[in-house]
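[1] all I have is the shape, not the residue letters:
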């Protein structure tokens with residue numbers, strides 16, 4: 001059984017979080033998306049100010065209309081183009097800490113999920129499994145993960161692997177960029193404790209058909 005889908009407030013909040021971008025990490029695709037979004041927003045705002053706004057609104061009124069339109073149109077265009085880029089397997093930011101094999105694995109997994117007809121516009125809970133050498137490492141890493149807005153779902157010793165498993169969950173949009181960035185954050189802190197990100201799957205129900213591994 002699949003997890004509860006996020007409500008409207010959670011969906012809006014996740015979309016807003018997607019706009020928190022470090023522009024120093026933009027890729028060529030990212031700069032292209034940003035430039036096109038700004039051009040579209042500015043063009044629509046200019047047309048609205050020139051042909052829609054009434055003359056009796058005054059300079060302040062026209063200025064406010066221009067500002068709101070350019071912000072709204074630029075944001076919507078950016079999110080739409082970002083979504084399209086994700087569907088094409090392109091990322092708008094540079095991801096540090098992941099190998100090409102990791103990125104290609106995530107791309108294949110997302111393509112597999114998309115083929116099931118899953119709603120790609122809705123944030124979904126993704127669960128990441130980390131492997132760590134000791135219970136102390138699990139406790140320390142769990143604290144760092146909570147600071148990064150991951151929820152600790154489970155931790156236990158795996159006799160077959162001779163290490164500890166830690167399952168962390170976060171609600172994300174199903175884009176290559178979102179998955180790569182989340183995995184890179186976890187990989188960065190896992191490396192400090194001698195661990196690694198082993199796999200990720202959709203939701204807490206641990207659907208093995210959706211799980212990926214190295």
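    That came through, no problem. Note that the structure is predicted; figures quoted are calculated from it, not measured.
[2] okay, which residue is most central for this protein?
    residue 178 (2.5 Å; C-alpha atoms, centre = their mean).
[3] which strand or helix spans that residue?
    Using DSSP states H and E, residue 178 sits within helix 176-192.
[4] for residue 37, same thing?
    Assigned by DSSP H and E, residue 37 falls in helix 28-47.
[5] any idea of the angle that helix forms with helix 176-192?
    Calculated by axes from the mean of the first three to the mean of the last three C-alpha atoms, to 10 degrees, helix 28-47 forms an angle of 140 degrees with helix 176-192.
[6] for helix 28-47, the distance to its chain's centre please.
    With C-alpha atoms, centre = their mean, to the nearest Å as the basis, helix 28-47 stands 21 Å off its chain's centre.
[7] related to what we said a few turns ago, buried set for the helix or strand following the helix holding residue 178?
    Next along the chain after helix 176-192, taking DSSP H and E as the criterion, comes strand 196-202. Neighbour-count burial for strand 196-202, with 16 or more other C-beta atoms under 10 Å as criterion, is recorded at 197-202. All C-beta spots, glycine's among them, are computed from the backbone N, C-alpha and C.
[8] tell me the one of the residues you listed nearest residue 83?
    residue 202 (18.5 Å; C-beta to C-beta).
[9] wouldn't the closest one be in contact with residue 123 here?
    No. Applying C-beta atoms under 8 Å, one finds residue 202 not in contact with residue 123, separated by 11.8 Å.
[10] that's a helix at residue 169, yeah?
    No. Counting by DSSP: H, G, I helix; E, B strand; the rest coil, one finds residue 169 to be strand, located in no helix.
[11] look up how far residue 163 lies from it.
    In this view, residue 169 and residue 163 are 20 Å apart by C-beta to C-beta, to the nearest Å.
[12] got it, and residue 194?
    Residue 194 is 9 Å from residue 163, by C-beta to C-beta.
[13] ok, and what's touching stretch 139-159?
    127-128, 130-132, 135, 138, 163-170, 185-186, 189-190, 193, 195, 204 (C-beta atoms under 8 Å, 6 or more residues apart in numbering).
[14] just the buried residues of those.
    127-128, 130-132, 138, 163-170, 185-186, 189-190, 193, 195, 204.
[15] which strands or helices does the helix or strand harbouring residue 67 pack on?
    Counting by DSSP H and E, the element that carries residue 67 is helix 58-87. Counting contacts by 3 or more C-beta pairs under 8 Å, 6 or more residues apart in numbering; DSSP states H and E, helix 58-87 is packed against helix 28-47, helix 176-192.
[16] so the longest one versus helix 58-87, what angle?
    Angle of helix 28-47 versus helix 58-87, following the same axes, to 10 degrees, is 150 degrees.
[17] residues of helix 28-47 that come out buried?
    For helix 28-47, burial by neighbour count (16+ other C-beta under 10 Å) applies to 29-30, 33-34, 37, 40-41, 44-45.
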